[in-house]
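K.L.:
The sequence and its predicted three-dimensional model are supplied below.
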Amino acid sequence: MNVDHRYTQTQKRYAADDLETMSEARNYQAHIFGLVRPHVGSHVLEVGCGIGTMTSQLLDHARQVVCIEPNLNCATRAREALAGNERVTIRVCHLEECNRGELQAQRFDTIVCVNVLEHIEDDVRALALFRDVVAPAGGKVLIFVPAVQRLYGPHDAALGHHRRYSKQTLRAAFAAAGLDVVSMRYTNPIGLVGWMYNLYVSGNTEHTTGQVRLFDRLVAPWALPIERVVPPPIGLSLFAVGRARPHAA
């Protein structure tokens, strides 16, 4: 039986287990960070740090990383993985519970939100908070989300996704939140094949270790680098860079 975790996701261990499985995809994780890396500043707010996979890479480049993670199972594993690093702070709370003024006072120059926005029911409200919190002069909001809404299915619901995105819908969410789009691109078109296989053939509602390792070892090493030369017209995911819109005088 398929389980819809959209409204219970922060209470379940499954989220941490799924992220552990995805951490096996080292080539794919490196590819995602390769998209993020050129835009990372020195003081980063990571929204939804999960088990710390992206956090550890951010710490190689940023001076300070503050993480928000509402799932205690994930946050516990992240703290274990990052133990002893004084440049990271992990707060176990929902984004909506954070004090806007307190976050603004920290003057973040980068907000990183990788595979998280789709888990938030009111995504425009979340983006508006990012707009208010990121430094107005040169600060960037980095968003990585699943793409192609027509592929939304039981796997998405099981993962706690409220939606998938297109360039049009993500651009509209940015605009409604007062963020200007600096750049936007699809990524991982080959991954669409695996997702459609699970959706229409296997019926899997979880990432399996076998599938993840197969993709990462046989497909990712040659397919993902091609994107640097030929940007794909569609893909399993969508990456966007935003900047707070200047307030009218």
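P.N.:
That came through, no problem. Residues are numbered from 1 along each chain as shown.
K.L.:
all contacts plus neighbour counts: C-alpha atoms, from now on.
P.N.:
Will do.
K.L.:
correct me, but residue 11 touches residue 71?
P.N.:
Yes. Using C-alpha atoms under 8 Å, residue 11 makes contact with residue 71 at a distance of 6.2 Å.
K.L.:
Comparing those two, which residue is more hemmed in?
P.N.:
The neighbour comparison of residue 11 against residue 71 (other C-alpha atoms under 10 Å) goes to residue 71, with 22 against 13.
K.L.:
Which phi and psi values does residue 157 adopt?
P.N.:
phi -60, psi -40 (degrees, to the nearest 10).
K.L.:
do you know how far it is from residue 199?
P.N.:
The gap separating residue 157 from residue 199 is 12 Å, by C-alpha to C-alpha, to the nearest Å.
K.L.:
next one: residue 154
P.N.:
8 Å.
K.L.:
Have a look at those two and say which one is more surrounded.
P.N.:
Between residue 154 and residue 199, counted using other C-alpha under 10 Å, residue 154 has the larger neighbour count: 21 against 18.
K.L.:
Geometric centre of the protein: which residue is closest?
P.N.:
When C-alpha atoms, centre = their mean is applied to the chain, the residue found nearest the centroid is residue 114 (1.2 Å).
K.L.:
Quick one: distance of the helix or strand encompassing residue 172 to the chain centre.
P.N.:
Per DSSP states H and E, residue 172 falls inside helix 167-177. Helix 167-177 has its C-alpha centroid displaced from the chain centroid by 16 Å (C-alpha atoms, centre = their mean, to the nearest Å).
K.L.:
For it, give me every contacting residue.
P.N.:
Residues from elsewhere that reach helix 167-177 (C-alpha atoms under 8 Å, 6 or more residues apart in numbering): 123-125, 127-128, 131, 180-181, 184-185, 238, 242.
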